[in-house]
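>>> Return atomic coordinates for the entry below.
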Amino acid sequence: MTSNQIRVLHVDDDPHFGKLVADRLGREADQITVQAATTPEEGLSILTTDPVDCILSDYEMPAQDGLEFLETIRDDYPDLPFILYTSRGSEEVASEAISAGVTDYLQKDVGPSHYELLSNRITNAVSQYRAQKELTRNEDLLASTERLANTGGWELDVQTGDTHWTDGTYAIYGLDPDAELTKQEAIEFYYPDDRGEIKRLVERCIDTGESYEATLRLIDADDQIRWVHTNGEAIRKNGEIVAIRGAIQDITDLKESQEHPVTAENSSGRRRET
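This next block holds a predicted model:
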């Protein structure tokens, strides 16, 4: 199955209507495949064994209604798109559905354009779901990469002065991720003898757009001196510098190993630096 295909679980106690929906959606959009269940219990069984991108559920069913089914699955599938598909089109049901956290709500219809609308609702819900999953995956990957490499990223809005740091940058500074620092406060963390240099480089980047790269010392929130390699570049919009963005890496261990090399005996018995 290709990545653009959409797997829909349709739960409806009327098997004839379930077959109709599957046929019509298949004609409307080649990428949509429908697996039908006639009870929420059967739907849950399918959900735990087969990959599903979206649930399309009836509201009025004998054993359990659509919103009760939603409540049953939300602990294990908190973000999976769930479209309530019902013959009851009252404001009360719509309000209840929204309060329960459905992704979308649609009243059943037999009009010629109805299945095009249903197809679009499903496709949009799944697209948003997949985009959010990809964003979360990338954020997790970034956090893991930063942690392993002792690196972080940052951005400074030139117009507002607002700063944005990744978790890796906060870790290098020894700060909690919810800390808010201005440009000047961030500069104040640098070692006194290096503070003027980082300030000069940042201001020059803001004024002229010239990128920079430097190895400097900072004093973290625990009063520990760290060596960092930092760089920055200008971000332009319509030719105007609107922000500067860069990275910072903690190289304290590397710096210390260069200043205090470990010695070891080679095979001839003479000592050498490693």
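>>> any idea how far the helix or strand containing residue 84 is from the chain center?
Using DSSP states H and E, the element containing residue 84 is strand 82-86. How far strand 82-86 lies from its chain's middle: 26 Å, per CA atoms, centre = their mean, to the nearest Å.
>>> now the helices: where do they sit in the stretch 151-274 of the chain?
For the stretch 151-274 of the chain, the helices defined by DSSP state H, counting those that start in this stretch occupy 167-173, 183-187, 192-208, 252-259.
>>> Quick one: mean pLDDT for the second one?
The average of the pLDDT scores along helix 183-187 is 91.
>>> List the buried residues in it.
183, 186, 187 (16 or more other CB atoms under 10 Å). C-beta coordinates here come from the backbone N, C-alpha and C atoms, glycine included.
>>> right, and the second one touches residue 163 too?
Think residue 186. Yes. Between residue 186 and residue 163 there is a contact under CB atoms under 8 Å: 6.4 Å.
>>> give me every residue that touches residue 154.
163, 164, 165, 166, 169, 245, 246, 247, 248 (CB atoms under 8 Å, 6 or more residues apart in numbering).
>>> List the buried residues in stretch 171-186.
Within stretch 171-186, judged by 16+ other CB under 10 Å, the buried ones are 171, 172, 173, 174, 175, 181, 183, 186.
>>> would you turn the residues you listed into TSV with distance to residue 121?
Compiled in TSV, the buried residues of stretch 171-186 are given as follows (distance: CB to CB, whole Å):
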residue	distance to residue 121
171	42
172	45
173	46
174	48
175	44
181	44
183	46
186	46
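>>> Next, count neighbours for residue 114.
15 (other CB atoms under 10 Å).
>>> Quick check: it vs residue 53, distance?
In this view, residue 114 and residue 53 are 21 Å apart by CB to CB, to the nearest Å.
>>> Show me the shaky parts of the stretch 101-250 of the chain.
Judged by pLDDT under 70, the stretch 101-250 of the chain has no weakly predicted residues.
>>> Could you rerun that using 90?
101, 107-112, 131-150, 159-162, 177-183 (pLDDT under 90).
>>> got the contact list for residue 222?
residue 174.
>>> Residue 204 contacts residue 198, correct?
No. Assessed by CB under 8 Å, residue 204 is found out of contact with residue 198, at 10.8 Å.
>>> who's more crowded, these two?
In this view residue 204 and residue 198 are compared by other CB under 10 Å, and residue 198 has more residues nearby, 22 against 15.
>>> For that one, give me its contacts.
By CB under 8 Å, 6+ apart, the contact list for residue 198 reads 187, 190, 214, 216, 230.
>>> and if we set it to 10 Å?
Residue 198 sits next to 186-187, 189-191, 212, 214, 216-218, 228, 230, 232 when contact means CB atoms under 10 Å, 6 or more residues apart in numbering.
>>> who touches both of residue 204 and residue 198?
212, 232.
>>> Going by neighbour count, list what's buried in the strand holding residue 84.
Across strand 82-86, burial judged by 16+ other CB under 10 Å covers 82, 83, 84, 85, 86.
>>> In its sheet, which strands sit next to that strand, and in what direction?
Strand 82-86 has its sheet partners listed here by DSSP bridges as strand 54-57 (parallel), strand 104-107 (parallel).
>>> Packed most tightly, which of the ones you listed would that be?
Per residue and on average, the most neighbours among the strands paired with strand 82-86 fall to strand 54-57, with a mean of 25 (mean count of other CB atoms under 10 Å).
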